[in-house]
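Chemist: only geometry, no sequence info:
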């Protein structure tokens, strides 16, 4: 969904507001990630997705048609560039927090899997001469029809 504006100044003002709101949402999400309190069913999820989609469409259009910005007052262009720069900084921090969370999660899953594997050895069977079989040996099933 793109911005409905009466002119280019109105469009940029709306885009600046959208960018700032999206930045605020990303800051809150980054803080939740760092506090390990991110809820996937966050109330802001739909708003963030809608704003991100609109932001992408608008910025793509502006990058394809940069001459649209020429008649706009300099201070308004500067405000847009500053809001965009801040948003990009927040996105980089968010990416770092997500990467850290992923590493922690993957480490936990690997540790749990190792523990489960160590604790779930089945009973050892006997070998051909009556002694206990090798603990490392494992059965294999073959499907002759495959």
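Modeler: Received, thanks. Keep in mind that what you see is a predicted model, and the values were worked out from it rather than measured.
Chemist: Could you use CA atoms for every contact and neighbour count after this?
Modeler: Fine.
Chemist: count of residues packed around residue 15?
Modeler: Counted with other Cα atoms under 10 Å, the neighbours of residue 15 add up to 22.
Chemist: ditto for the one 4 residues further on
Modeler: For residue 19, the number of neighbouring residues by other Cα under 10 Å comes to 22.
Chemist: show me where this protein has helices.
Modeler: Under the criterion DSSP state H, the chain contains helices at 8-34, 45-64, 74-119.
Chemist: Out of those helices, which one sits most buried?
Modeler: Mean neighbour count, computed with mean count of other Cα atoms under 10 Å, is highest for helix 8-34 among the helices of the chain, reaching a mean of 18.
Chemist: quick check: angle from that helix to helix 45-64?
Modeler: 130 degrees (axes from the mean of the first three to the mean of the last three Cα atoms, to 10 degrees).
Chemist: ok, back up a step: want to throw the helices of the chain into TSV with distance to residue 2 and mean pLDDT?
Modeler: Supplementary listing: the helices of the chain in TSV, determined by distance: least, Cα to Cα, whole Å; pLDDT from 0 to 100:
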stretch	distance to residue 2	mean pLDDT
helix 8-34	10	93
helix 45-64	5	93
helix 74-119	17	89
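Chemist: how much space is there between the residue nearest the centre of the chain and residue 91?
Modeler: Nearest residue to the geometric centre of the chain (Cα atoms, centre = their mean): residue 98, 6.1 Å. As judged by Cα to Cα, to the nearest Å, residue 98 and residue 91 stand 10 Å apart.
Chemist: which residue lies farthest from the center of the protein?
Modeler: residue 129 (57.3 Å).
Chemist: And that residue, what's its pLDDT?
Modeler: pLDDT for residue 129: 73.
Chemist: Then the one 3 residues further on?
Modeler: Each residue has a pLDDT score; the one for residue 132 is 68.
Chemist: And residue 142, by the same measure?
Modeler: For residue 142, the predicted pLDDT is 55.
Chemist: do residue 36 as well
Modeler: So, for residue 36, pLDDT stands at 78.
Chemist: That one and residue 69: what is the separation?
Modeler: Taking Cα to Cα, one finds residue 36 at 41 Å from residue 69.
Chemist: So for the two, which residue has more residues nearby?
Modeler: residue 69 (16 against 10).
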